[in-house]
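K.L.:
pasted the sequence and its predicted model underneath.
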Amino acid sequence: MKMTKELNQLFNEQIKLEYDSAFIYLAMSEWLNQNNWVGAGHWMEIQYREELAHAEGFVRYLTMRGEPVELLQLAAAPKEWDSILDLFQAALKHEEFISESINKMADQAEKDGDRASRLFLQWYINEQVEEEVNANDNVMGVDRTQGHIVALLAFDDLKGTRKWTGEEVPLFS
């Protein structure tokens, strides 16, 4: 079954959004490192790598389906935040935006009767639940410190323990 033009367009737009996400998180990592939040900077660097894997998963899926891949121009990443809390709030808002975009794709796949795409997207839907939980945990973690530097440093140290697992998006769950 050929993918509809509408769904293919949504997939290509999502590839762009995933690469945009990667560069947003790389910019956040740089800001955190420059402001001496090296643990949180490390956490965001891993998030950057994860987003690259997500984009590559969409590319591999379209290629496997024999569908055109269009690499759209990326947006410039923001580079300034008011505080570590502001940065993590922006990350949460961004993940919520990405969840909406993926849900829109799933809705289109269902509308088109493209069960293969709908099944493929389920992994991303599940992943977005995890992404939003992690982003919310980061906001709450900073917020709970109430600005106490010792607590903020402990939070930063904890973020530095995150491990990169070399995650690869499965083509089918």
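P.N.:
That came through fine.
K.L.:
from now on I want contacts and neighbour counts done on CA atoms only, so please keep to that.
P.N.:
Will do.
K.L.:
tell me which residues touch the most centrally placed residue in the chain, please.
P.N.:
Closest to where the C-alpha atoms of the chain average out (CA atoms, centre = their mean) is residue 51, at 4.9 Å. Residue 51 makes contact with 18-19, 21-22 under the criterion CA atoms under 8 Å, 6 or more residues apart in numbering.
K.L.:
how about a cut-off of 6 Å?
P.N.:
In this structure, residue 51 makes contact with 18, 22, judged by CA atoms under 6 Å, 6 or more residues apart in numbering.
K.L.:
any low-confidence regions in this structure?
P.N.:
Residues of the chain that meet the criterion pLDDT under 70 lie in 172-173.
K.L.:
now do the helices in it.
P.N.:
For the chain, the helices defined by DSSP state H cover 5-34, 38-64, 84-112, 115-144, 149-159.
K.L.:
and the angle from the fourth one to helix 38-64?
P.N.:
This points to helix 115-144. Counting by axes from the mean of the first three to the mean of the last three CA atoms, to 10 degrees, helix 115-144 points 170 degrees away from the direction of helix 38-64.
K.L.:
so what does helix 115-144 touch, helix or strand wise?
P.N.:
Judged by 3 or more CA pairs under 6 Å, 6 or more residues apart in numbering; DSSP states H and E, helix 115-144 is in contact with helix 84-112.
K.L.:
ok, now with 8 Å
P.N.:
Helix 115-144 is packed against helix 84-112, helix 149-159, with contacts defined by 3 or more CA pairs under 8 Å, 6 or more residues apart in numbering; DSSP states H and E.
K.L.:
buried ones in that helix, by neighbour count?
P.N.:
Burial within helix 115-144, assessed by neighbour count using 16 or more other CA atoms under 10 Å, is assigned to 117-122, 124-125, 128, 131-132, 135-136, 138-139, 141-142.
K.L.:
check the offset of that helix from the chain's centre.
P.N.:
Between the centre of helix 115-144 and the centre of its host chain there is 8 Å, according to CA atoms, centre = their mean, to the nearest Å.
K.L.:
check the last one too.
P.N.:
Here helix 149-159 shows a centroid-to-chain-centroid distance of 23 Å under the convention CA atoms, centre = their mean.
K.L.:
neighbouring contacts of that helix?
P.N.:
37-40, 42-43, 141-142, 145.
K.L.:
ends of stretch 161-168, how far apart?
P.N.:
The first residue of stretch 161-168 is 21 Å away from its last residue (CA to CA, to the nearest Å).
K.L.:
in that stretch, what counts as buried?
P.N.:
Within stretch 161-168, the residues that qualify as buried are residue 162, counting by 16+ other CA under 10 Å.
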